[in-house]
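*Asks:* Turn this into a model:
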Amino acid sequence: MQRRRISVALAALIVLPALPCHATAADTVDFPRFVLLCRQLSGATQLDTHTAQTLYALFQNEPWGKEHLLRLTNKIPPKHPIGIALDPQQFDEGERWFIGHLLITLLTGVYYHQSGNRLVTFDHALMHTELADVRPTPGHCGGAFGDWSAAPKAVRA
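*Replies:* Residues are numbered from 1 along each chain as shown. Prediction:
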């Protein structure tokens, strides 16, 4: 029985590193490429550095996060223009799910996960930063105290 355990352990040591799901340091996406990938998928003009660092750490710690990020960066070249749509058919079901997971987190600023949801950012969520010219971030007036009580500038005489 002891020999069998040793044989199984040795076989595992030999076989597991050869499996495609085994990631090494060279098989990970670095931070600058992660930021570029987020911008390519979302069309965002810019990403807050602190928010991107937090998201990078969260997605690296997901069970399939590193693998999905690597697969996406292999399918989306660094020279792909930001804001140009990608063909969803080039991604498999798992990759499409991961893209949706990443986009929802970028847009809302909330990281949804089965272990619990986490607010990553409010002010730097893309639903606020990318629409800032159209709609101000809720809770931020941007004007002087009491400015809200005056008529909008478009209707002032």
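
*Asks:* which element is residue 83 on?
*Replies:* Of the helices and strands defined by DSSP states H and E, none includes residue 83.

*Asks:* That should have said residue 102, apologies.
*Replies:* Assigned by DSSP H and E, residue 102 falls within helix 93-108.

*Asks:* go on, residue 63?
*Replies:* Element membership for residue 63, per DSSP H and E: none, as it lies in no helix or strand.

*Asks:* tally of neighbours for it?
*Replies:* Taking other CB atoms under 10 Å as the criterion, the count of residues near residue 63 is 7. (Glycine included, C-beta is placed from N, CA and C.)

*Asks:* gap between it and residue 52?
*Replies:* Distance of residue 63 to residue 52, given as CB to CB, to the nearest Å: 21 Å.

*Asks:* again, but for residue 128
*Replies:* On the measure of CB to CB, residue 128 and residue 52 end up 15 Å apart.

*Asks:* gap between residue 125 and residue 96?
*Replies:* For residue 125, the distance to residue 96 - CB to CB - is 22 Å.

*Asks:* mind listing what's buried in stretch 80-91?
*Replies:* Judged by neighbour count using 16 or more other CB atoms under 10 Å, the buried positions of stretch 80-91 are residue 91.
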